[in-house]
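>>> I would like to see how this sequence folds:
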Amino acid sequence: MKEFKLGWKIVLTAMLGIAFSGSNMLLYAVGSLAPELSAEFGWSHGSIQLASLFSIITIVLSLPIAGYLSDKFGVRLVTLISVLLTVASIALHSFLTNNIVYYYLLASITSLAFAGTLPLTWTKMVTSWFDKRLGLALGLTLLGTGLGGALIKPITAGLIVEFGWRGTYLGLAIIPLVIVFPLVLMWFKDPEEKHNTSDEFIEDEVSATINITFKQALKDWRFWIIAIAYMPIGFAVSGLITNMEVILASGGADAGLVVTAATAFGVFVVIGRIVGGFLLDKYNPGVVGGTLIMSLSVAFLILNQQDLSMSMALLAMGLAGFGTGVEFDVLSYIISRIFGRVHYSKIFGSVIALMYVASAFGPMSFGATYDKYGNFSIVLIATAAAVFVSSLLIGTLRNSLKIQKINES
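Below is the predicted model of the structure:
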């Protein structure tokens with residue numbers, strides 16, 4: 001556990017950075033803030049949620065730029081600037097007027113600001129510090145998504161009661177300033193900066209020799225296998241999360257079971273992060289990744305059943321949570337192993353950008369299917385099939401990753 005002895009500060013900083021990133025805070029805060037904005041300005045909930053489309057478009061366009069800047073100027077500098085810009089852009093929401101165009105504009109500006117605090121930059125630094133325990137380190141880092149969700153919702157609700165929605169935006173803006181920024185400033189440094197102060201740090205020689213450029217990656221079949229595989233995964237996860245309660249209810253689950261199953265989903269996301277990370281370190285990442293992602297496909301098939309019993313509903317949401325929990329762990333791991341760490345940000349950022357494009361259609365497609373047919377059967381079966389193909393595609397990488405694992409040993 002020497003790597004964790006040296007790099008635990010990196011993992012902790014990255015975990016909290018993801019938890020209180022602009023994307024995570026606005027994602028979990030909008031549910032409480034939307035009714036306040038609707039009451040204040042008369043905006044419909046649909047028009048408020050439309051801001052997510054502008055946000056996703058901006059993220060897709062800005063991720064490759066954030067990746068390029070991270071590789072060129074270093075993750076720490078890009079992250080520090082992004083945190084400050086995020087603080088300012090969230091605070092600007094407190095000055096919203098009844099012109100909803102301003103709200104959409106702020107959605108784009110804020111997404112551009114937090115592009116440097118998406119998983120791209122946090123996992124980039126973690127992959128620089130960890131090798132033998134990289135999977136577990138990534139799993140712990142990405143626990144930040146769930147941690148943020150657990151904390152931001154009650155914080156937002158409390159701020160609204162005490163200070164109203166305008167004060168809430170200011171309060172949310174302060175959080176990354178007082179928690180994330182100081183940690184990044186103190187601890188978020190490349191391992192090279194530690195060589196002079198700690199002779200215990202051992203850089204993995206094999207990983208250091210892998211230096212595939214972004215242009216080379218674009219010509220590599222493995223890049224496109226990963227990119228194609230992750231588009232259905234992004235579609236599936238976004239569609240499920242935004243329609244979870246309705247999917248369960250349409251399958252016959254009562255209100256109590258819906259709450260219990262949704263809770264199980266969150267619990268298994270956490271379990272998936274930790275268990276998935278552990279398995280990635282122990283066994284072939286291609287086989288592990290393909291198998292774990294397949295659990296998401298099985299979950300969709302179970303959810304397509306009518307008259308869901310409690311046991312089947314819990315099983316479905318447990319499998320879905322597990323599959324969702326490992327998606328970024330697997331992606332970060334296999335990209336760093338196959339393409340190396342030097343150009344990780346640009347390569348990872350490009351794959352994530354494509355994944356975000358696909359995820360933008362998930363909620364709409366699931367909702368449209370339900371509106372037309374009164375159930376989710378068609379989209380659930382189609383998505384299950386697509387994710388199954390994704391798991392097989394990830395499995396095709398096993399030979400490349402097997403060679404890497406042998407060389408490391």
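>>> Quick check, residue 222 in contact with residue 399.
No - applying C-beta atoms under 8 Å as the test, residue 222 and residue 399 come out as separate, 10.2 Å apart. Heads up, the C-betas are built off the backbone N, CA and C, glycines and all.
>>> of the two, who's got more company?
Legend: neighbour count by other C-beta atoms under 10 Å for residue 222 and residue 399, higher for residue 222 (17 against 10).
>>> Report the spatially closest residue to that one, excluding sequence-adjacent ones.
Leaving aside its chain neighbours, residue 222 sits nearest to residue 338 (5.6 Å; criterion: C-beta to C-beta, 6 or more residues apart in numbering).
>>> Assign the one you found to helix, strand or coil.
Under DSSP: H, G, I helix; E, B strand; the rest coil, residue 338 falls in the helix class.
>>> Make sure it is actually in contact with residue 401.
Yes - taking contacts as C-beta under 8 Å, residue 338 lies within contact range of residue 401: 7.0 Å.
>>> quick revisit: the residue nearest to residue 222 - how many residues pack around it?
Neighbours of residue 338 (other C-beta under 10 Å): 23.
>>> ok, it to residue 50 distance?
Distance of residue 338 to residue 50, given as C-beta to C-beta, to the nearest Å: 38 Å.
>>> Relative to residue 30, how far out is residue 103?
To residue 30, residue 103 is 11 Å away according to C-beta to C-beta.
>>> the more surrounded of the two?
Ranked by neighbour count (other C-beta under 10 Å), residue 103 and residue 30 place residue 103 first, with 20 against 15.
>>> Which element, helix or strand, includes that one?
For residue 103, the host element (DSSP states H and E) is helix 100-113.
>>> Output the lowest mean pLDDT helix or strand found in this protein.
None of the helices or strands of the chain scores lower by mean pLDDT, DSSP states H and E than helix 205-209, at a mean of 49.
>>> Helix or strand next in line after the helix or strand hosting residue 55, which one?
Element membership for residue 55, per DSSP H and E: helix 51-73. Once the chain leaves helix 51-73, the next helix or strand it forms, by DSSP H and E, is helix 75-92.
>>> list the contacts for the nearest residue to residue 157 once chain neighbours are set aside?
Once flanking residues are discounted, residue 157 sits nearest to residue 32: 5.4 Å by C-beta to C-beta, 6+ apart. Taking C-beta atoms under 8 Å, 6 or more residues apart in numbering, we find residue 32 in contact with 153, 156, 157, 160.
>>> can you check residue 361 too?
Residue 361 touches residue 235, counting by C-beta under 8 Å, 6+ apart.
>>> Quick check: buried residues in the helix or strand harbouring it?
Taking DSSP H and E as the criterion, residue 361 maps to helix 344-373. Judged by neighbour count using 16 or more other C-beta atoms under 10 Å, the buried positions of helix 344-373 are 344-363, 365-367, 369-370.
>>> Now do that helix and helix 75-92, the angle between them.
Per axes from the mean of the first three to the mean of the last three C-alpha atoms, to 10 degrees, the angle that helix 344-373 makes with helix 75-92 is 40 degrees.
>>> pLDDT averaged over helix 344-373 - what is it?
Averaging pLDDT along helix 344-373 yields 83.
>>> So what's the gap between it and the chain middle?
On the basis of C-alpha atoms, centre = their mean, to the nearest Å, helix 344-373 sits 12 Å off its chain's mean C-alpha point.
>>> How about stretch 218-232?
In terms of C-alpha atoms, centre = their mean, the centre of stretch 218-232 is found 18 Å from the chain centre.
>>> how about that stretch as PDB, C-alpha atoms only?
Only the C-alpha atoms of stretch 218-232 are listed here, as PDB (Å, rounded to 0.1, in the frame of the first residue of the first chain):
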ATOM      1  CA  LEU A 218      -7.200   8.500 -33.500                       C
ATOM      2  CA  LYS A 219      -5.600   6.000 -35.900                       C
ATOM      3  CA  ASP A 220      -5.700   3.200 -33.400                       C
ATOM      4  CA  TRP A 221      -8.700   0.800 -33.600                       C
ATOM      5  CA  ARG A 222      -8.700   0.400 -29.800                       C
ATOM      6  CA  PHE A 223      -9.600   4.100 -29.500                       C
ATOM      7  CA  TRP A 224     -12.700   3.700 -31.600                       C
ATOM      8  CA  ILE A 225     -13.700   0.500 -29.900                       C
ATOM      9  CA  ILE A 226     -13.700   2.300 -26.600                       C
ATOM     10  CA  ALA A 227     -15.500   5.400 -28.000                       C
ATOM     11  CA  ILE A 228     -18.200   3.300 -29.700                       C
ATOM     12  CA  ALA A 229     -18.600   1.100 -26.700                       C
ATOM     13  CA  TYR A 230     -19.100   4.000 -24.300                       C
ATOM     14  CA  MET A 231     -21.800   5.900 -26.300                       C
ATOM     15  CA  PRO A 232     -24.600   3.300 -25.500                       C
END
